[in-house]
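[1] Fold the following, please.
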Amino acid sequence: MQTSVVGYPRIGANRELKFASEKYFKGEISENDLFAVAKTLRLSHIRSQKEAGVDFIPSNDFSFYDGLLDTAVLCGIVPKRYRQLGLSDIDTYFAMARGYQGEKGDVKALAMKKWFNTNYHYIVPEIEDDTKISLSGTKVFDEYNEAAEDGTETKPVIIGAYTLLSLCRYTGSKKREDFLDAVIGTYKAIIEKLENRGAKWIQFDEPYLVRDLSDADKEFLTKLYQGILADKDNVKVLIQTYYGDVRDVYEILTGLPVDGIGLDFIEGKQTANLIEKYGFPKDKLLFAGLVNGKNIWRNQYSKTLEILDGVKNKGINAVLSTSCSLLHVPYTLSAEEKLSEECRKHFAFAIEKLTELRELARLAEIADRESVDAYLANAALFDAKRDCEDEAVQRRLAEIKESDYVRLPERKEREKIQKDAFKLPKFPTTTIGSFPQTGDVKKNRSAFRKGEITEEQYKQFNREKIERAIRWQEEIGLDVLVHGEYERNDMVEYFGESLSGYLFTEKAWVQSYGTRCLKPPIIWGDVSRKNPITVEWSVYAQSLTDKPVKGMLTGPVTIFNWSFPREDISIRDSMTQIALAIRDEVLDLEKNGIRIIQIDEAALREKLPLRKSDWYSEYLDFAIPAFRLVHSGVKPETQIHTHMCYSEFTDIIPAIDNMDADVITFEASRSDLLILDALKECNFETEAGPGVYDIHSPRVPSVDEIVTALRKMREKLDDDKLWVNPDCGLKTRGEEETKPSLINLVQAARIIRNEA
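    Numbering: from 1, shown residues only. Now for the predicted structure:
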């Protein structure tokens, strides 16, 4: 049996791409230096897969920032405001991803959103009415040639035309249907050029096909691919889907003149049933996604082989594949020296998943598997009992009552109590939480971890940073302050380190967006809080000022969604265990005099099922209550904030309101404040702070820019409910950008107060 990888991690095992890109942004290395690092990484990744025996190895799965942005640029989808800057190709590309502020102009970045149900963020391409979609780049051809010259035949990977057009934002009156012919012509040209270069297979990624699709969607998909594939000659085309099943278009896909179809058997709840009901064409290859590309637990060979046996028994020609790109998992376990062998044997990162593919493919061809060491070792692993249960946690979970999810009194009454208690001005100003993680901050934390300084030295440094942050916030006139989070490495890992049931890695980095990388902790067992986590820092910060300082926590939904979850218990139970742990922290903060507590739920939407029919029964019915459980025990005068960013929230606004927070801050600036209409339409009751500027860009917003945004917000939201804040935390920005941006924010809020 042959094997296939949908896509491979691209940042480098030691984040080489991140560091090279950041040096390039600072002007410390040249364009050629950046490209050299990228080439080294690409060839290394391809060679790793080749050495592991992978038959269908991807190329063009590499990106300097985002694969959808790459595809848009390949097709000439570059808005005029970026082309008019007159920058080099790579700098135009980065301007679209990060924004640009310099001698050639000032432009914001394109919007950024979560990629389906993952923690990866994509850049939203914009199509203007006069956009001329045509083949305009060479990246896919260059990277195919590069691999070929290195001795490896690859399958070039491109975001499929349907997914591209479905995820674009249309800024004028035209819609995707108006660009049908142009896109067909562009993708036909891509196929022809790759065929001329000798490509044998091309992979079109079409994850959008696992969503709910209407009859009009199906008709458009059919026209699109009938056009694209009309003149296809010898090169073979694979339509690759992932993150779910294709129940709405299965018959359409199997009827298209393609040579392979990639189906997800991990998250595709109905994939096996669709094959059972409708069969699978004999003249096509089924790329069976059975090795999980999103989680790090070992594959249970007996279950996977049972599915493969069923496929083979139906006479289906199958290729064993990852369920999706391995972009979502770290590179290799070999770098994890501190994880015990007892733990390590349960995990498979990208390199280890290549081994799983090879072993499974070999086992699929063997009748007497019980005589094969790899099969026996895998069976023994899953037969053994893992030490992961905590009776006290399970007992507490069982004792939760419905009343534990309800905060009293109701929000309107709390709002009056809190306004009297805090006496904040109209349009109160605040930040989302973190301040820049400068080099000295990282050095201090690293030195403490390595034992190079004492705990008291570490804490004294942070206390000094906190005091400077408080004084500076007072000086510029912010109304609700933060302590800066200088003690935190990551908003999830930091909390996980104080929770039982968690494991941590040293180098298990995964890409979140662009140069932003995370080390998701691993939920190994039942979760509980060992000791207070944030109380000491919050109490110290509050002691320095008469203004309210927010206690800063990460919520249970985000902690769960940004961790590698267990697969042996339900999402509901695991998330609720975390909620109980964070509830303990909330009540401790309140007991110690912290009057405003922010419980961030940046990843609320992340695990939301891609089909609306599953939203409540499979997610929102327990994710929203988990958040309510965290804060339901606080007093009426304690104000609960939460924060959400870089997802599409407009269609779940009622559920967000039902979280029963007192204040919610949203990402909004990159999406041109489109969320405001949804808030108004749904009569959103919670006080809200739509972000007035984008912190993922190095741009410094002007006072006029923020004033304009606030005026637009006032048209949709009541003055008494509107807060003024950035889009997100400021840890990734430099002080040279942060300070002038916040000074302008405060000045803009004062102008708006005078207008009200």
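
[2] Could you measure from Phe35 over to Asp66?
    Counting by C-beta to C-beta, to the nearest Å, the gap from Phe35 to Asp66 is 17 Å. In short, each C-beta sits where N, CA and C put it, glycine included.

[3] Looking at these two, which is more packed in?
    Ranked by neighbour count (other C-beta atoms under 10 Å), Phe35 and Asp66 place Asp66 first, with 25 against 14.

[4] residues in contact with that one?
    Contact analysis of Asp66 by C-beta atoms under 8 Å, 6 or more residues apart in numbering lists 97, 121-123, 513-514.

[5] centroid residue for this structure?
    Asn119 (1.8 Å; C-alpha atoms, centre = their mean).

[6] Just list the residues touching that one, thanks.
    328, 510, 512, 518, 520, 561-562, 603, 606.

[7] make it 7 Å
    Asn119 makes contacts with 512, 561-562, 603, 606, as judged by C-beta atoms under 7 Å, 6 or more residues apart in numbering.

[8] same thing with Ala361?
    1-3, 320.

[9] Tell me which of the contacts of Asn119 fall in strands.
    Counted as lying in strands by DSSP state E, out of the contacts of Asn119, are Ser512.

[10] From the contacts of Asn119, pick the one nearest Tyr278.
    Glu606 (31.3 Å; C-beta to C-beta).

[11] What sits closest to the closest one if chain neighbours are left out?
    Asn561 (4.3 Å; C-beta to C-beta, 6 or more residues apart in numbering).

[12] Repeat that for Phe435.
    That would be Gly484: by C-beta to C-beta, 6+ apart, it lies 3.8 Å from Phe435.

[13] If we ignore the residues flanking it in sequence, what's nearest Ile522?
    Nearest one to Ile522, counting by C-beta to C-beta, 6+ apart, is Leu503 at 4.2 Å.

[14] In helices, which of the contacts of Asn119 fall?
    Asn561 (DSSP state H).

[15] Tabulate the contacts of Asn119 (TSV), appending pLDDT.
    Listed next are the contacts of Asn119 as TSV, based on pLDDT from 0 to 100:
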residue	pLDDT
Ser512	94
Asn561	94
Trp562	93
Ala603	88
Glu606	86
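
[16] in stretch 364-372, what's buried?
    With burial defined by 16 or more other C-beta atoms under 10 Å, the residues of stretch 364-372 counted as buried are 364, 369.

[17] roughly how far apart are the residue nearest to Phe435 and Thr438?
    Gly484 is 11 Å from Thr438, by C-beta to C-beta.

[18] Comparing these two, which shows the higher neighbour count?
    Neighbours per residue, other C-beta under 10 Å: of Gly484 and Thr438, the larger number sits with Gly484, 29 against 14.

[19] Next up, the contacts around the more buried one.
    Counting by C-beta under 7 Å, 6+ apart, Gly484 has contacts 434-435, 465-466, 469.

[20] Point out where the stretch 401-550 of the chain drops to low pLDDT.
    Along the stretch 401-550 of the chain, no part satisfies pLDDT under 70.

[21] Please enumerate the helices of it.
    When secondary structure is read from DSSP state H, counting those that start in this stretch, the stretch 401-550 of the chain shows helices at 411-422, 439-449, 455-476, 493-496, 535-543.

[22] I'd like to know which of these lies nearest to Lys716.
    Closest among the helices of the stretch 401-550 of the chain, once you apply C-beta to C-beta, is helix 411-422, at 18.7 Å.

[23] Out of the contacts of Gly484, the closest to Asp662 would be?
    Looking across the contacts of Gly484 and measuring by C-beta to C-beta, the closest to Asp662 is Ser434, at 21.0 Å.

[24] any idea how far that closest one is from Val140?
    On the measure of C-beta to C-beta, Ser434 and Val140 end up 37 Å apart.

[25] And the average pLDDT for the helix or strand hosting Val37 is what?
    Using DSSP states H and E, Val37 sits within helix 31-51. Mean pLDDT, computed over helix 31-51, is 98.

[26] tell me what that helix is packed against?
    helix 16-25, helix 139-149 (3 or more C-beta pairs under 7 Å, 6 or more residues apart in numbering; DSSP states H and E).

[27] export those helices to a markdown table and tack on mean neighbour count, mean pLDDT and distance to Lys731?
    Below are the helices and strands packed on helix 31-51 laid out as a markdown table (neighbours: other C-beta atoms under 10 Å; pLDDT from 0 to 100; distance: least, C-beta to C-beta, whole Å):
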| stretch | mean neighbour count | mean pLDDT | distance to Lys731 |
| --- | --- | --- | --- |
| helix 16-25 | 18 | 98 | 14 |
| helix 139-149 | 18 | 98 | 31 |
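
[28] among the ones you listed, which is nearest Gly279?
    Comparing the helices and strands packed on helix 31-51 by C-beta to C-beta, helix 139-149 comes nearest, at 33.2 Å.

[29] who does Met552 bridge with?
    Note on Met552: beta-bridge partners by DSSP bridges are Gln598.

[30] That one: neighbouring residues, count only.
    Count around Met552 with other C-beta under 10 Å applied: 28.

[31] Quick one: residues contacting it.
    433, 482, 485, 534, 598 are the contacts of Met552 under C-beta under 7 Å, 6+ apart.

[32] List the beta-bridge partners for the closest residue to His631 other than its chain neighbours.
    The shortest distance from His631 to any non-neighbouring residue, by C-beta to C-beta, 6+ apart, is to Ile640 (4.7 Å). Applying DSSP bridges to Ile640 gives these bridge partners: Ile597.

[33] Check the gap between Ile640 and Val406 for me.
    For Ile640 relative to Val406 (C-beta to C-beta), the value is 14 Å.

[34] the more surrounded of the two?
    Ile640 (27 against 13).

[35] contacting residues for the more buried one?
    597, 599, 631, 634, 661-662.

[36] Tell me the one of the residues you listed nearest Asn196?
    For these, the nearest to Asn196 is Ile599 (55.8 Å; C-beta to C-beta).

[37] Was I right to think that closest one contacts Gly555?
    Yes - with contact defined as C-beta atoms under 7 Å, Ile599 counts as touching Gly555 (4.5 Å).

[38] ok, these two, which is more surrounded?
    Taking neighbours as other C-beta under 10 Å, Ile599 and Gly555 compare with Gly555 leading, 32 against 26.

[39] My guess is that one contacts Gln598. True?
    No - contact status for Gly555 versus Gln598: not in contact, 9.3 Å apart, counting by C-beta under 7 Å.

[40] pLDDT weak spots in this structure?
    646-647, 671-672.

[41] same thing but at 80, please
    Residue ranges of the chain with pLDDT under 80: 645-650, 669-674.
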